[in-house]
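1. Mind looking at a prediction? Sequence and model below.
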Amino acid sequence: MKADFYSKLNIDASKDIVSLMDSDFILVLGVMPSRDDELFNLLSKNAIVAYLSVIEDKNMSGVAAFQSRYEAGSEEGVLAILTKGLLNDKQIDAKTKEFFENLDEGYLSAECNIGEEEIEDLNALYEKSKNPLIVIGHDLYNHPRAKNLANLISLLVRYGNFKIYSQDLDFTCKHNDNLDLENIEDLHSFDGSVIYECPSSDLDEQELLIGSRQFMIASKVKDEQDVFVITESAEHQRKFIMDAELKGTVALMPSAQSEGSYFYKIAKIIKREN
């Protein structure tokens, strides 16, 4: 999926990809910064950071000027709403204008949990910037709709003066004048217990499932209880740990980082008998 994503990223890599955070407005999407020490340290040095994710990163509270949560799997809708909102006053081509006019913003906003208020707040930060930058990560290039996410990001580069910071620099992409925008698909609903296979900070973490009190109640598990975490493709043995500072119904499952699979997964949580 990563190769597909970068193959559709319609930019000039030599000019539009930056390896250092030299920006006055940074939009972070598709990565949990506190799980990436290099990125987190770079973000901590910048004054205006907007962070959007499925999971609220508690360590970003003192770093981000704006932080908002969206629904798991809804990245395509989020980027469509963001792109239209941030490029609202820009000169765009007729085909892109038609694409924006045909967006069902009411449906997308309801499914994503990102709406007019969030766009206004982001625009207030973005419109003052001269060097905006978007941070892209594995939640985007491992997404089933990675190709169209790349198309939408390319619009921010082309019309919004954004540069890109990527977790990966080992890729190639081709620049041309045609953007093959696709209609936004109906957003997949993640009903039930959802886990996020985030990068682990150490080997010990790979034995844990870390969730909020809300997740604990919804999944009918107890703090420090041994559980099976069963997804569509795998079964894991973990110890559930309740983190009072986490919010929402998505639990962290620290893992050795894998490629080619969207990190948010619906899971069945079952008590493990000792």
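-> Everything's here; your move.
2. List the residues that contact the residue most central in space within the chain.
-> Nearest to the geometric centre of the chain sits Gly30, at 2.2 Å (C-alpha atoms, centre = their mean). Gly30 makes contact with 53, 75, 135-141, 143, according to C-beta atoms under 8 Å, 6 or more residues apart in numbering. All C-beta spots, glycine's among them, are computed from the backbone N, C-alpha and C.
3. and with 7 Å instead?
-> By C-beta atoms under 7 Å, 6 or more residues apart in numbering, the contact set of Gly30 is 75, 136-140.
4. Narrow the residues you listed to those that are buried.
-> 75, 136-140 (16 or more other C-beta atoms under 10 Å).
5. Please identify which of those residues is nearest to Leu156.
-> Closest to Leu156 out of the buried ones among the contacts of Gly30 is Ile136 (10.2 Å), distances taken as C-beta to C-beta.
6. measure that closest one to Leu181 for me?
-> 18 Å (C-beta to C-beta, to the nearest Å).
7. Quick one: name whatever helix or strand follows the longest helix along the chain.
-> In the chain, assigned by DSSP state H, the helix with the most residues is helix 146-160. For helix 146-160, the following helix or strand on the C-terminal side (DSSP states H and E) is strand 163-166.
8. what's in contact with that next one?
-> 11, 16-18, 21, 23, 133-136, 157.
9. residues near Lys128, how many?
-> Lys128 has 11 neighbouring residues, counting by other C-beta atoms under 10 Å.
10. domains of the chain?
-> 2-166, 193-271 (automatic domain parsing).
11. Just put these in TSV and tack on distance to Glu185.
-> TSV is the format used below for those (distance: least, C-beta to C-beta, whole Å):
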stretch	distance to Glu185
domain 2-166	6
domain 193-271	14
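12. Redo the ones you listed as a markdown table? Include mean pLDDT.
-> Listed next are these as a markdown table, based on pLDDT from 0 to 100:
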| stretch | mean pLDDT |
| --- | --- |
| domain 2-166 | 89 |
| domain 193-271 | 90 |
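13. out of the ones you listed, nearest to Asp186?
-> Among the domains of the chain, if distance is taken as C-beta to C-beta, the winner is domain 2-166, at 8.4 Å.
14. Now do the closest one: distance from first to last residue.
-> By C-alpha to C-alpha, to the nearest Å, the extent of domain 2-166 from end to end equals 12 Å.
15. do the same with stretch 135-153
-> End-to-end for stretch 135-153, by C-alpha to C-alpha: 10 Å.
16. Can you give the contact residues for the host helix or strand of Val135?
-> Using DSSP H and E, Val135 maps to strand 132-136. When contacts are defined by C-beta under 7 Å, 6+ apart, strand 132-136 is touched by residues 18, 21, 23, 25-31, 39, 126, 153, 156, 160-166.
17. again, only this time at 8 Å
-> Contacts of strand 132-136 (C-beta under 8 Å, 6+ apart): 18, 21-31, 39, 43, 126, 153, 156, 160-167.
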